[in-house]
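*Asks:* Here is the input, now give the coordinates:
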Amino acid sequence: MDPRKFINSLFETAVAAAQPSQCVPPFLSKFNFSARTVVFGAGKASAEMARVVEQHITGKLEGLVITRYGHAVECQQIEIVEAGHPVPDNNGMKAASKMLEIASGLTEQDNVLCLISGGGSSLLSLPAPGLQLEEKQEITSKLLKCGATIHEINCVRKHLSAIKGGRLAVACAPARLVTLAISDVPGDDLSVIASGPTVADSSTFHDALNVLNKYYISEPKSVLKHLNDAADETPEPGDPRLKNVENYLIATPQQSLHAAAQTVSESGMTPLILGDSLEGESREAAKMHAEKALQIQQNGTPVSPPAVILSGGETSVTVHGSGRGGPNTEFMLSLLQELRGQKGIWAIACDTDGIDGTEDNAGAFISPESFKKSKEIDLNPSTYLSNNDSYSFFSELGGLVSPGPTKTNVNDFRAILVMSP
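*Replies:* Predicted structure coming up:
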C-alpha cells in the first residue's frame, strides 16, 4: 500500500459522497415541476447543483445561481454568475439584487427551487439599506482574520444583508419554495449554511453586535450604528411569511466521513471518527490530533494500529503574520511540528471544496519524511507558523494538495494514517 495514495483516496471518497450528482436527484421528487419553476442558488456547489437539476428535469426552468469564480459550469436554462469569495464583490451584489427583483414578481402559482451550499453567504452580497458594499467587505475581512467561527461570521452577515437570514424566502412569498442544502457548517444548522437565505433566523441584531464586540471590531462605525439602530429583524421561526417554505439537508460532513470510514474498514484497518464538527484554532486542533495519533501508535488506545483518524468541521486561523495559507495547511504545519517525523504516521487535511481559504490548493499532506526534508532544505516550521505562511512552507516542501474546485462543499476533511512504528 502506498500511504500517500491511500489517504488521498479517502479525501476523494469523502468528496465523491457529497457530489450533487449523488445527493440532488433523490430530493427532486419532492418538487412539483408542472408549474412555473424558478431556480435560485448560491454557493460553491450551486452551479453544479443547477446542472444536475437541468439533467433530471424535462420541464421549462428559469432562474439565477451565484457561485465562486472558477466554479461555474454550463447550464442551458439557468443563468450562472460568478462572484467573489470569501470577500464579497460587486458581481455578487448585482446578482443578488437581480435575484430579489425576480422573487418580488412571484405569485402563489409559482414554484421556487433554491440550491444552497457553503460559500453562499459571501456570494449573496447585497447590503442592507443604508450600508455600502465596501463596508461589508471591510467587516468580512476582519471577521475572517480574527478567529471567529462560521456561526459567528454568518450571524453578522445576516444582519448586514438585504437577502440573507430568511429574507430571500420572504421576498419569494407567497410562492412555494423548496430549498436543497449541502452543509458546510459544524452542526449542519440550515440557518447558518450560506447564512440561511430561505430559513427562519433566531439570532438578532444584538447577537451580531456581540460578535463584533467579542473580537474588538469597532470599524467601520456605520456597521455598528446599523446593528444598534436597525429595527427590521430577520424573520423568526414561525413567521407566517415562511409558511410555504420547505428546507432539506441533502449532504453533510458526517455522510462523507462515514464513506471514508467504510473505505478504511474495507482495507482492513480501524477507523476512528473524532467528529464532524470540530472548531477552534487550526494549530490547536492539530496538537489534539497529534496526541491522539501517538496514543494509538504507542499505547493502542482507543484503538490499535493500523488505524485511521478521521475528522471534519471548520477550524479557523487568527492571523498575526503576513504569510499565505488557509486553515487546512496551517493545521498540517502545526501537525508536522508536533509529530516531528514520527515513523509510521501520514496525514492529509483538505477543504472538500478544493480551495483552502483564498489559495489555489485544498490543503496539504505530510509523511514521516516531511519533517526531515524540511530541515534539509532549511524550512523552519515554527518560523512559517508564526507568520501564518503554511502555503509557502508546503509549496517549498512539495506537500500541497491541489485538486482544483470539486463542485461540492462539506467542510474540512482530515485523515491521519497510523501504522506501527
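
*Asks:* And residue 47, its phi and psi?
*Replies:* phi -70, psi -40 (degrees, to the nearest 10).

*Asks:* so it sits right up against residue 408, yeah?
*Replies:* No - checked against Cβ atoms under 8 Å, the pair residue 47 and residue 408 is beyond contact range at 11.0 Å. (Each C-beta comes from the backbone N, C-alpha and C, glycine too.)

*Asks:* contacts for the one helix or strand residue 51 maps to?
*Replies:* Residue 51 is located in helix 46-56, with elements delineated by DSSP states H and E. By Cβ atoms under 8 Å, 6 or more residues apart in numbering, the residues outside helix 46-56 that reach it are 19-21, 24-25, 28, 39, 41, 61, 63, 65-67, 71-78, 80, 113, 115-117, 120, 180, 182, 407-408.

*Asks:* So which of those belong to helices?
*Replies:* The helices, defined by DSSP state H, take in 20, 21, 120 from the contacts of helix 46-56.

*Asks:* Could you export those residues as a markdown table, including distance to residue 135?
*Replies:* As requested, the ones in helices among the contacts of helix 46-56 are arranged in a markdown table below (distance: Cβ to Cβ, whole Å):
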| residue | distance to residue 135 |
| --- | --- |
| 20 | 34 |
| 21 | 39 |
| 120 | 20 |
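
*Asks:* Could I get these in TSV, plus columns for pLDDT and neighbour count?
*Replies:* Listed next are the ones in helices among the contacts of helix 46-56 as TSV, based on pLDDT from 0 to 100; neighbours: other Cβ atoms under 10 Å:
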residue	pLDDT	neighbour count
20	97	26
21	96	15
120	91	33
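
*Asks:* which residues sit in contact with residue 113?
*Replies:* Taking Cβ under 8 Å, 6+ apart, one finds 31, 37, 38, 39, 40, 53, 63, 177, 178, 179, 180 in contact with residue 113.

*Asks:* let's see 10 Å
*Replies:* For residue 113, the contact set (Cβ atoms under 10 Å, 6 or more residues apart in numbering) comprises 27-28, 30-31, 33, 37-41, 49-50, 53, 57, 61, 63, 78, 176-180.

*Asks:* quick revisit: any idea which of the ones in helices among the contacts of helix 46-56 is closest to residue 240?
*Replies:* The closest of those to residue 240 turns out to be residue 120 (Cβ to Cβ; 25.1 Å).

*Asks:* Helix, strand, or coil at residue 88?
*Replies:* Secondary structure for residue 88, judged by DSSP: H, G, I helix; E, B strand; the rest coil, is coil.

*Asks:* From what I see, it and residue 120 are in contact.
*Replies:* No - at 11.0 Å, residue 88 does not count as touching residue 120 under the criterion of Cβ atoms under 10 Å.

*Asks:* Quickly list what's touching both of the two.
*Replies:* Residues touching both residue 88 and residue 120 (Cβ under 10 Å, 6+ apart): none.

*Asks:* Give me the buried positions along whichever helix or strand residue 228 is part of.
*Replies:* According to DSSP H and E, residue 228 maps onto helix 221-229. By 16 or more other Cβ atoms under 10 Å, the buried positions in helix 221-229 come out as 223, 224, 226, 227.

*Asks:* And the lengthiest strand in the chain, what's buried?
*Replies:* The residue-count maximum for a strand in the chain (DSSP state E) belongs to strand 270-278. Within strand 270-278, the residues scored as buried using 16+ other Cβ under 10 Å are 270, 271, 272, 273, 274, 276, 277, 278.

*Asks:* who does it pair up with?
*Replies:* strand 307-313 (parallel) (DSSP bridges).

*Asks:* Packing partners of whichever helix or strand comes after the partner strand?
*Replies:* Later in the chain than strand 307-313, the nearest helix or strand by DSSP H and E is helix 327-339. On a contact count with 3 or more Cβ pairs under 10 Å, 6 or more residues apart in numbering; DSSP states H and E, helix 327-339 meets helix 282-299, strand 345-351, strand 363-366, helix 370-376, helix 381-386, helix 390-397, strand 400-401, strand 412-418.

*Asks:* if you set the cut-off to 8 Å instead, what comes out?
*Replies:* Contact analysis of helix 327-339 by 3 or more Cβ pairs under 8 Å, 6 or more residues apart in numbering; DSSP states H and E lists helix 282-299, strand 345-351, strand 363-366, helix 370-376, helix 381-386, helix 390-397, strand 412-418 as its packing neighbours.

*Asks:* Export these to CSV and append columns for mean neighbour count, distance to residue 148 and mean pLDDT.
*Replies:* CSV is the format used below for the helices and strands packed on helix 327-339 (neighbours: other Cβ atoms under 10 Å; distance: least, Cβ to Cβ, whole Å; pLDDT from 0 to 100):
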stretch, mean neighbour count, distance to residue 148, mean pLDDT
helix 282-299, 19, 13, 96
strand 345-351, 28, 17, 98
strand 363-366, 28, 21, 98
helix 370-376, 16, 30, 95
helix 381-386, 17, 20, 96
helix 390-397, 23, 19, 97
strand 412-418, 27, 16, 97
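
*Asks:* quick revisit: now find how far off-centre the helix holding residue 228 is within its chain.
*Replies:* Relative to its chain's centre, helix 221-229 lies at 27 Å (Cα atoms, centre = their mean, to the nearest Å).

*Asks:* any idea of the mean pLDDT in it?
*Replies:* Averaging pLDDT along helix 221-229 yields 87.

*Asks:* sorry, back to before: buried residues, the helix holding residue 51. List them.
*Replies:* For helix 46-56, burial by neighbour count (16+ other Cβ under 10 Å) applies to 46, 47, 48, 49, 50, 51, 52, 53, 54.

*Asks:* now, among the residues you listed, which is nearest to residue 354?
*Replies:* Minimum distance to residue 354 across the buried residues of helix 46-56 is 11.9 Å, recorded for residue 48 (Cβ to Cβ).

*Asks:* can you tell me how far the nearest residue to residue 21 once chain neighbours are set aside sits from residue 193?
*Replies:* Nearest residue to residue 21 in three dimensions, chain neighbours excluded: residue 52, at 5.5 Å (Cβ to Cβ, 6 or more residues apart in numbering). Residue 52 is 18 Å from residue 193, where distance means Cβ to Cβ, to the nearest Å.
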